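In: Show me the folded form of this:
(one chain, ligands or ions: 1)
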Amino acid sequence: MMLRFLHVCGLLVVVGMLSSVVWGQEPEPGMLPKTEMPSVIVVPPAAQASDHFEVQAATDAYLAEIPAQARARSDAYFEGGYWLILWGFLYGAVVALLLLNLRWSAAMRNLAERVTRFKPVHTIVYWAEYLVLTSILLFPLTVYEGYFREHKYGLATQTFGPWLYDQFKLLLVGLVLGAILLTTLFGVVRRLPRTWWIWGAVVTFLFEVLFVLITPVYLVPIFFKVTRLDDPRITQPILRMARANGIPVRDVYEMDASRQTTRMSANVSGFGHTMRITLNDNLLRRGSPEEIQAVMGHEMGHYVMNHIYKLIMFFSIVIVAGFALLRWALDWSLKRWGEKWQIRGISDTAVLPLVGLLAAIFFFVLTPVLNSYTRVQEYEADMYGLNASRQPDGFAQAAIHLGEYRKMSPGRLEEWVFYDHPSGRSRVYAAMRWKAENLGASRQ
Ligand SMILES: [Zn+2]
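Out: As a prediction, this is how the structure comes out:
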């Protein structure tokens, strides 16, 4: 949800992606009501330890637990998401081009300049106008993607009123965070007309760190109720595993994701002292104890392998490259169309739709790279989680539950381009291989 909303301003996409390293999915409206997926997933006979245990047969037996109808539904939902990447990009591009060519952006700048002579305030006023206008123009897609489509696939739990209210809160969060980032960035551009792109990248990097730092403590509670878990039957095995892996946590948190969605998920979020492990209530309600432990082992893998810090470093490279390209592309476009769009230069706030458009192109092209980077981290966390929890069947059960909103068996290229986590099939296979080789499942 956060991510989708922040698409309004291309620059913010990056920080949105950094907010957490997730097992399933960033908290988003929509999850799964009745996909006819089994709620309790049993260990199929072919996956039970025996002297004729075969990894592939065990994997197939787990996949066969998914009813054909549920699989068709999840495939359709996930494949629809591929097209939404394209439609979202094209729709956003059309909106940006409208703002530029109809000179609405220039008009919004003129209005902002009439309010005050104080430059940082221009930026804030312009940003407010821009954010409200683009949110209205993009609303048909937002409401389809975030509300109607989620309900159609039985993933959403909210009625329209509360959903809209959450969108409004997102708008306010975007208004504040965007205002801080953009006033700083335009300040940098005005003072350092030659090297702004380097310092702009530095500012964006610092903002990214700040964003990750405040997300679990200040942003998530705006949308969800976060509580300390106090059921020792759940927390004790988790904390025991945490101590065994050198993780200094004393608490595990629960989030009421079910107010938006039926999806199960868990995540590690934050930075330094704000880093924490959170389970959503759908996982707690529907997951078996083995499943919860497998998921927690995965989250601990993110923690121990410093995935958030590595992700921040990776994104800083992306950001520097993005700013270098941005400088070149802005010069090139403004030379050709700047006058027509009535944009005075790169320090003019009216340039924002162009920046958004260029950033959208950049991130659209990078989709497979960004997905592959996180998918590799997720695979690492999977392996860590199997070793830490020693619950391959719980792990397979979780992979099937996530199959409620993620296609289980994609093609190889499809997985490479579109998957930010390993596919369910890959995860079940890895779990069964682990089981065969480490629990002696095939030799008993
Ligand atoms: Zn993960």
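In: Looks like Ala57 contacts Pro45 (just checking).
Out: No. Shown here, Ala57 and Pro45 do not form a contact pair, counting by C-beta atoms under 8 Å, at 10.0 Å. Heads up, the C-betas are built off the backbone N, CA and C, glycines and all.
In: Looking at these two, which has the bigger crowd around it?
Out: Neighbours were counted for Ala57 and for Pro45 using other C-beta atoms under 10 Å; Ala57 has more, 15 against 10.
In: dump the residue contacts of that one.
Out: Ala46 (C-beta atoms under 8 Å, 6 or more residues apart in numbering).
In: Over to Glu415?
Out: Arg375, Pro422, Ser423, Ser426.
In: and if we set it to 6 Å?
Out: Contacts for Glu415 (C-beta atoms under 6 Å, 6 or more residues apart in numbering) come out as Ser423.
In: Distance of it relative to the ion?
Out: 16 Å (C-beta to the ion, to the nearest Å).
In: Dump the strand or helix carrying that residue to PDB, keeping only the CA atoms.
Out: Using DSSP states H and E, Glu415 sits in helix 412-418. Output of helix 412-418 as PDB, limited to C-alpha atoms (Å, rounded to 0.1, in the frame of the first residue of the first chain):
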ATOM      1  CA  ARG A 412      12.100 -19.900 -15.000                       C
ATOM      2  CA  LEU A 413      12.200 -16.500 -16.800                       C
ATOM      3  CA  GLU A 414       8.900 -15.500 -15.200                       C
ATOM      4  CA  GLU A 415      10.400 -16.200 -11.800                       C
ATOM      5  CA  TRP A 416      13.500 -14.200 -12.600                       C
ATOM      6  CA  VAL A 417      11.600 -11.100 -13.900                       C
ATOM      7  CA  PHE A 418       8.600 -10.900 -11.600                       C
END
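In: And the next helix or strand past it?
Out: Counting by DSSP H and E, what follows helix 412-418 is helix 424-438.
In: How about residues contacting that following helix?
Out: Outside helix 424-438, the residues that reach it (C-beta under 6 Å, 6+ apart) are 53, 55, 58-59, 62, 386, 392, 395-396, 399, 403, 408-409, 441-442.
In: Does at least one residue of that helix sit close to the ion?
Out: No. Using C-beta under 5 Å from the ion, helix 424-438 never reaches the ion; the gap is at least 10.8 Å.
In: Return the mean pLDDT over that helix, rounded to an integer.
Out: Here helix 424-438 scores 95 as its mean pLDDT.
In: Flag every buried residue along that helix.
Out: 424-436 (16 or more other C-beta atoms under 10 Å).
In: Please write out the alpha-carbon positions of that helix in PDB.
Out: What follows is helix 424-438 as a C-alpha-only set of coordinates in PDB (Å, rounded to 0.1, in the frame of the first residue of the first chain):
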ATOM      1  CA  GLY A 424       6.300 -21.600  -3.800                       C
ATOM      2  CA  ARG A 425       7.400 -24.500  -5.800                       C
ATOM      3  CA  SER A 426      11.100 -23.600  -5.300                       C
ATOM      4  CA  ARG A 427      10.500 -23.100  -1.600                       C
ATOM      5  CA  VAL A 428       8.800 -26.500  -1.100                       C
ATOM      6  CA  TYR A 429      11.400 -28.200  -3.100                       C
ATOM      7  CA  ALA A 430      14.200 -26.600  -1.100                       C
ATOM      8  CA  ALA A 431      12.400 -27.700   2.100                       C
ATOM      9  CA  MET A 432      12.000 -31.300   1.000                       C
ATOM     10  CA  ARG A 433      15.600 -31.500  -0.100                       C
ATOM     11  CA  TRP A 434      16.700 -30.200   3.300                       C
ATOM     12  CA  LYS A 435      14.400 -32.700   4.900                       C
ATOM     13  CA  ALA A 436      15.900 -35.600   2.900                       C
ATOM     14  CA  GLU A 437      19.500 -34.500   3.500                       C
ATOM     15  CA  ASN A 438      19.300 -33.300   7.100                       C
END
